[in-house]
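> the sequence and its predicted three-dimensional model are supplied below.
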Amino acid sequence: MIMKYTLLLILLLFIQPIVHATSMRCQLTGDCPRTANRENPDFTLLNQDEFTSPLIQNNLIQPIDELQADGFSTQWSRPQYHIPLGLDGSDLITASVAAGALIIAFPNDQAITDFVQENSSDIIERVAIAGEFFGSELTLYGAGAGYIVGLVMQNGEVKSTSLLLAKTSLITGIIAQMAKRIFHRERPNQGNGPYVFHGPGFEGSHLSMPSGHTITAFTLATFISETWGHQSRLIPVLTYSAAAVGGWSRVHDNAHWTSDVIMGALIGHLVTKQILRQDSSKGSLVLSPTYDMEGNLIMGVHILGKREREQRDDYLFVLD
């Protein structure tokens, strides 16, 4: 029953992009009904001469104004998910420590994997199973269950917190899939060593870097810690410990290299903190899912500058 309502919640989260995409298609094709007294706003399009990248010429990246027509602005027609930019002091320390650990782990990935595989036991196996559970779909299930509880209890705070957790999980999941398809690194269980990368592409294999389970685990741990950590010092200790065990379990299961896990932990932690911070005074990265006239899914990405300057760089990444 919980899974059914969780799937319903996820469906609701995706209804908004589909509705907006339908509106955009009819505007582009001219099939939308028009009222007699409708006033068309005067939108200023971006200068297309500024976009001369070979990626744009090959239609891999398109300026956002290419989807504007008949006074219709796609900026206002797509749902937008903001990730505030700008790290504070603690974030910079975390990033520096993780970068150092990544530099140390990467040349020793094979040795670390061999050591973990050679020193396994029944107890360690049970711990690994428990750790893998923390990095599974538990986050979305928990968000769905929380939303149902909020509905039953008519508690707006519980509902909004659950939706924020679902949104955070979806954003970190999107980033994970994008990163995996940039590296296309082979997994340890493929037996070809830790340094086989196939480069950018849309293939659904060789998706070792970064670890998606670890991103999920640290997304959940960071969300819990940042939301309720002020109530007890034990909350961050317990949640981050569980996330660390979840990441380690992926090395134990021979599914990821140690450097995959470290990168996943860094992404899950920092991205979640930035989303929860909701401070866009330093600018923000905006993800905007939509569709083009041929029905291709497009991930709009633009960098929003400081609010007082209102600067934007808009691009659309076409995902066939």
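Right, received. Where do you want to start?
> which ones are touching residue 158?
146, 147, 149, 150 (CB atoms under 8 Å, 6 or more residues apart in numbering). In this view, the C-beta of every residue, glycine as well, is placed from N, C-alpha and C.
> the third one touches residue 157, doesn't it?
Read it as residue 149. No. Residue 149 is not in contact with residue 157 according to CB atoms under 8 Å; the separation is 11.1 Å.
> of these two, which one has the most company?
Relative neighbour count places residue 149 above the other of residue 149 and residue 157, with 13 against 9, counting by other CB atoms under 10 Å.
> for that one, what are its contacts?
Taking CB under 8 Å, 6+ apart as the criterion, residue 149 is in contact with 155, 158, 162.
> surely it is in a helix?
Yes. Looking at residue 149 with DSSP: H, G, I helix; E, B strand; the rest coil, it is inside a helix.
> for the contacts of residue 158, pick the one with the most neighbours.
Neighbour count (other CB under 10 Å) singles out residue 147 as the most crowded of these, with 23 neighbours.
> give the burial count for the nearest residue to that residue once chain neighbours are set aside, as a bare number.
Once flanking residues are discounted, residue 147 sits nearest to residue 162: 4.0 Å by CB to CB, 6 or more residues apart in numbering. Residue 162 sits with 22 neighbouring residues when counted by other CB under 10 Å.
> from residue 195, how far off is residue 162?
In this structure, residue 162 and residue 195 are 41 Å apart, going by CB to CB, to the nearest Å.
> residue 222 now?
Distance of residue 222 to residue 195, given as CB to CB: 30 Å.
> now do residue 262
Distance from residue 262 to residue 195, counting by CB to CB: 16 Å.
> ok, these two, which is more surrounded?
Regarding residue 262 and residue 195, a neighbour count based on other CB under 10 Å identifies residue 262 as having more, with 24 against 12.
> now that one: which helix or strand?
Element membership for residue 262 (DSSP states H and E) is helix 258-277.
> what's that helix packed up against?
With contacts defined as 3 or more CB pairs under 8 Å, 6 or more residues apart in numbering; DSSP states H and E, the secondary structure elements packing on helix 258-277 are strand 81-84, helix 89-105, helix 109-118, helix 156-183, helix 212-228, helix 234-252.
> residue ranges in the stretch 51-200 of the chain under the pLDDT threshold?
Across the stretch 51-200 of the chain, the ranges flagged by pLDDT under 70 are 51-87.
> which positions within stretch 164-177 qualify as buried?
Residues of stretch 164-177 classed as buried: 164, 165, 166, 168, 169, 170, 171, 172, 173, 175, 176 (neighbour count, 16 or more other CB atoms under 10 Å).
> can you lay out the residues you listed as JSON lines showing distance to residue 247?
Written out in JSON lines, the entries for these read as follows (distance: CB to CB, whole Å):
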{"residue": "164", "distance to residue 247": "23"}
{"residue": "165", "distance to residue 247": "20"}
{"residue": "166", "distance to residue 247": "22"}
{"residue": "168", "distance to residue 247": "18"}
{"residue": "169", "distance to residue 247": "16"}
{"residue": "170", "distance to residue 247": "20"}
{"residue": "171", "distance to residue 247": "19"}
{"residue": "172", "distance to residue 247": "14"}
{"residue": "173", "distance to residue 247": "16"}
{"residue": "175", "distance to residue 247": "16"}
{"residue": "176", "distance to residue 247": "13"}
